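Colleague: pasting the sequence and the predicted model now:
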Amino acid sequence: VTSDYAIPLTQEEEAFREEVRAFIADKLRPEWIGVSELWSRTDMTALAGWTREVVAKGWATSSWPVEFGGKRLTVMQRYILSTEFGRARAPLILHINLHMVGPLIARFGTDWQRDHFLPRILDSEDFWAQGYSEPDAGSDLASLRTTAVRDGDDYIVNGQKIWTTNAHNSTEIFALVRTDPKAEKKQAGLSILLIPVDSEGITVRPIRTIDEIHHTNEIFFSDVRVPVSRLLGEENKGWTYTKLMLSAERESVAEIQPTRTILDDVLAVAREAGLFEDPGFRRRLLDLEFEIDALEMLELRALDVSVQGTELGYEPSLLKIQGSKLRQDVLQLGREALGPLAELMPSPDRPQIAGGRGENILTDALIFRAASIYGGTNEIQKNIVSKILFSLDEGVI
Ligand SMILES: Cc1cc2nc3c(=O)[nH]c(=O)nc-3n(C[C@H](O)[C@H](O)[C@H](O)COP(=O)(O)OP(=O)(O)OC[C@H]3O[C@@H](n4cnc5c(N)ncnc54)[C@H](O)[C@@H]3O)c2cc1C
């Protein structure tokens, strides 16, 4: 049901698809397959190993300036890559490294920052965490309270971040901090610091999530000294850089191909459970597939806009809203297909169905409740979309 491309390929594109398939056959190690189902995403060896291969091939740096290792890809090449990697259940590449912080350091960093960080990012030597949210600053991020006060050649950082995904496996964190508490607009007094996670004065504490797995953390900063050389770009311009990074994050949250892969798993489970014969169930499955196709068209449009070099408008927000909703809907259908088995957490004693393909559905269904929250909640994304649409002169709605 879900194996065809949504749009026909030209001969050139087919040749590229064959090249991608050959690369996967050659480089994707069996032990890396499937590690990116979220509950086991902390297998950093697999993520780094696969990322290194894809970077070396020149397929992971399309958002980088060319002079720092960026390799342009066409819209269709990017689409083919994500489709083939998704189908092969390849690990996700290190997104925060390569699509968020890497391109920003390339564009706005100092010579020292570029020389020090970029090779380490390209080589997957460093793992970066994203230090934005605080206990009282999530949707209203600009009201954050972590401060950085200049003292000679250092900043002294005090405060707390929360929900920091993968900080326990990270070597570096880019933290949004308040450098000018007196700025007229609260957005104007913020800066980004590039901080080693093992700095003296940093404490990382785990937050256990509902799937009983350690993904995310609280981070406490107590008089942490950060050299001024680790300020990204200009002081008090952090909000501008943050918006650029969040837009990249929202695009990635759509993760369409992994959702298709889960839908394939649901289909396998449903067949074995005899549910595929039920017209009502089959209808819901097909409806979801059509919605995924529609989202894929939106993704292609967004890719087209960004490859043209035009700034994206509401597309990342729409992709985020609909991508997270579809992932949740597909997993909910999977839970129904599993029946009572859906209530059992994975364990060696749990009876298997469809050769184990339903194994992750419960834990994923639990943790992906968070998908409509992280990357900026879906309610906030709807606000952004309506703001952009209503400000258009032509009256698009
Ligand atoms: C699993 C997970 C991983 C995360 N990883 C990271 C990470 O790595 N780094 C990081 O910095 N952050 C991370 N976050 C934090 C995430 O970005 C925030 O949780 C999110 O921005 C929401 O902020 P909040 O939790 O403070 O909720 P609040 O902002 O307090 O929102 C509470 C509710 O009110 C609604 N609401 C708030 N304001 C409005 C409004 N103006 N209009 C309509 N509705 C509104 C929200 O939609 C939400 O439903 C993660 C969160 C989760 C759950």
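Modeller: Thanks, I have it.
Colleague: OK, contacts around residue 85?
Modeller: Contacts of residue 85 were listed using CB atoms under 8 Å, 6 or more residues apart in numbering, and they are 20, 24, 257. Yep, even glycine has a C-beta here, placed from its N, CA and C like the rest.
Colleague: end-to-end on stretch 349-358?
Modeller: For stretch 349-358, the first-to-last residue distance is 14 Å (CA to CA, to the nearest Å).
Colleague: hang on, the earlier thing: among the contacts of residue 85, who's most crowded?
Modeller: When neighbours are counted as other CB atoms under 10 Å, the busiest of those turns out to be residue 257, with 24 neighbours.
Colleague: secondary structure element for it?
Modeller: helix 256-272 (DSSP states H and E).
Colleague: which secondary structure elements does that helix contact?
Modeller: Judged by 3 or more CB pairs under 8 Å, 6 or more residues apart in numbering; DSSP states H and E, the packing partners of helix 256-272 are helix 75-87, helix 279-307, helix 315-338, helix 361-367.
Colleague: a markdown table please, covering those and showing distance to the ligand and mean pLDDT.
Modeller: What follows is the helices and strands packed on helix 256-272, written out as a markdown table (distance: least, CB to the nearest ligand atom, whole Å; pLDDT from 0 to 100):
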| stretch | distance to the ligand | mean pLDDT |
| --- | --- | --- |
| helix 75-87 | 21 | 89 |
| helix 279-307 | 21 | 88 |
| helix 315-338 | 11 | 93 |
| helix 361-367 | 7 | 86 |
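Colleague: any idea which residue of this protein lies closest to the ligand?
Modeller: Closest to the ligand within the chain is residue 138: 1.8 Å, counting by CB to the nearest ligand atom.
Colleague: show the contacting residues for that residue.
Modeller: Residues touching residue 138, when contacts are defined by CB under 8 Å, 6+ apart, comprise 163, 377.
Colleague: give the buried residues for the helix holding residue 257.
Modeller: Judged by neighbour count (16 or more other CB atoms under 10 Å), helix 256-272 contains these buried residues: 256-270.
Colleague: swap in stretch 369-377?
Modeller: Of all the residues in stretch 369-377, those buried under the rule 16+ other CB under 10 Å are 370, 371, 372, 374, 375, 376, 377.
Colleague: may I ask which two of those residues are separated the most?
Modeller: Looking at the buried residues of stretch 369-377 by CB to CB, the two members farthest from one another are 370 and 376, with 12.3 Å of separation.
Colleague: sorry, back to before: which among the buried residues of helix 256-272 gets closest to residue 225?
Modeller: Set against residue 225, the nearest of those by CB to CB is residue 258 (40.3 Å).
Colleague: from residue 272, how far out is that closest one?
Modeller: Applying CB to CB, to the nearest Å, one obtains 22 Å for the distance of residue 258 from residue 272.
Colleague: likewise residue 168?
Modeller: Applying CB to CB, one obtains 37 Å for the distance of residue 168 from residue 272.
Colleague: can you dump the C-alpha atoms of stretch 308-323 in PDB for me?
Modeller: These are the backbone C-alpha positions of stretch 308-323, laid out as PDB (Å, rounded to 0.1, in the frame of the first residue of the first chain):
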ATOM      1  CA  GLN A 308      14.900  28.500  -4.300                       C
ATOM      2  CA  GLY A 309      16.400  30.400  -1.400                       C
ATOM      3  CA  THR A 310      13.100  32.100  -0.500                       C
ATOM      4  CA  GLU A 311      12.300  32.400   3.200                       C
ATOM      5  CA  LEU A 312       9.700  30.000   4.400                       C
ATOM      6  CA  GLY A 313       6.500  31.400   5.800                       C
ATOM      7  CA  TYR A 314       3.900  29.200   7.500                       C
ATOM      8  CA  GLU A 315       5.100  26.000   5.900                       C
ATOM      9  CA  PRO A 316       7.300  24.700   8.800                       C
ATOM     10  CA  SER A 317       4.500  25.300  11.200                       C
ATOM     11  CA  LEU A 318       2.000  23.500   9.000                       C
ATOM     12  CA  LEU A 319       4.400  20.600   8.600                       C
ATOM     13  CA  LYS A 320       4.900  20.500  12.400                       C
ATOM     14  CA  ILE A 321       1.200  20.500  13.200                       C
ATOM     15  CA  GLN A 322       0.100  18.000  10.600                       C
ATOM     16  CA  GLY A 323       3.200  15.700  10.900                       C
END
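Colleague: show me which of the buried residues of stretch 369-377 is closest to residue 346.
Modeller: Taking those together and measuring to residue 346 by CB to CB, the closest member is residue 370, at 18.4 Å.
Colleague: the closest one: what's it in contact with?
Modeller: With contacts defined as CB under 8 Å, 6+ apart, residue 370 is in contact with residue 209.
Colleague: ok so, going back, tell me the mean pLDDT over the helix holding residue 257?
Modeller: Per-residue pLDDT values across helix 256-272 average out to 90.
Colleague: can you give me the angle it makes with helix 315-338?
Modeller: Following axes from the mean of the first three to the mean of the last three CA atoms, to 10 degrees, one obtains 20 degrees for the angle between helix 256-272 and helix 315-338.
Colleague: leaving out chain neighbours, which residue sits closest to residue 324?
Modeller: The shortest distance from residue 324 to any non-neighbouring residue, by CB to CB, 6 or more residues apart in numbering, is to residue 371 (3.7 Å).
Colleague: would the one you found count as being in a helix?
Modeller: Yes - under DSSP: H, G, I helix; E, B strand; the rest coil, residue 371 sits within a helix.
Colleague: and it, how far from residue 174?
Modeller: Computed with CB to CB, the distance linking residue 371 and residue 174 is 22 Å.
Colleague: can you give me the strands for this structure?
Modeller: Defined through DSSP state E, the strands belonging to the chain, from first to last, are 128-131, 147-151, 154-162, 172-178, 190-196, 202-208, 214-227.
Colleague: the shortest one close to the ligand?
Modeller: To tie it back to what came earlier, the one meant is strand 128-131. Yes - contact of strand 128-131 with the ligand is found when judged by CB under 6 Å from any ligand atom, involving 130, 131.
Colleague: would you mind writing the CA trace of that strand as PDB?
Modeller: What follows is the C-alpha trace of strand 128-131 in PDB, where atoms were taken according to Å, rounded to 0.1, in the frame of the first residue of the first chain:
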ATOM      1  CA  TRP A 128      24.800  19.200  20.600                       C
ATOM      2  CA  ALA A 129      21.800  19.800  22.800                       C
ATOM      3  CA  GLN A 130      19.300  22.600  22.500                       C
ATOM      4  CA  GLY A 131      19.000  24.800  25.600                       C
END
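Colleague: good, wrapping up.
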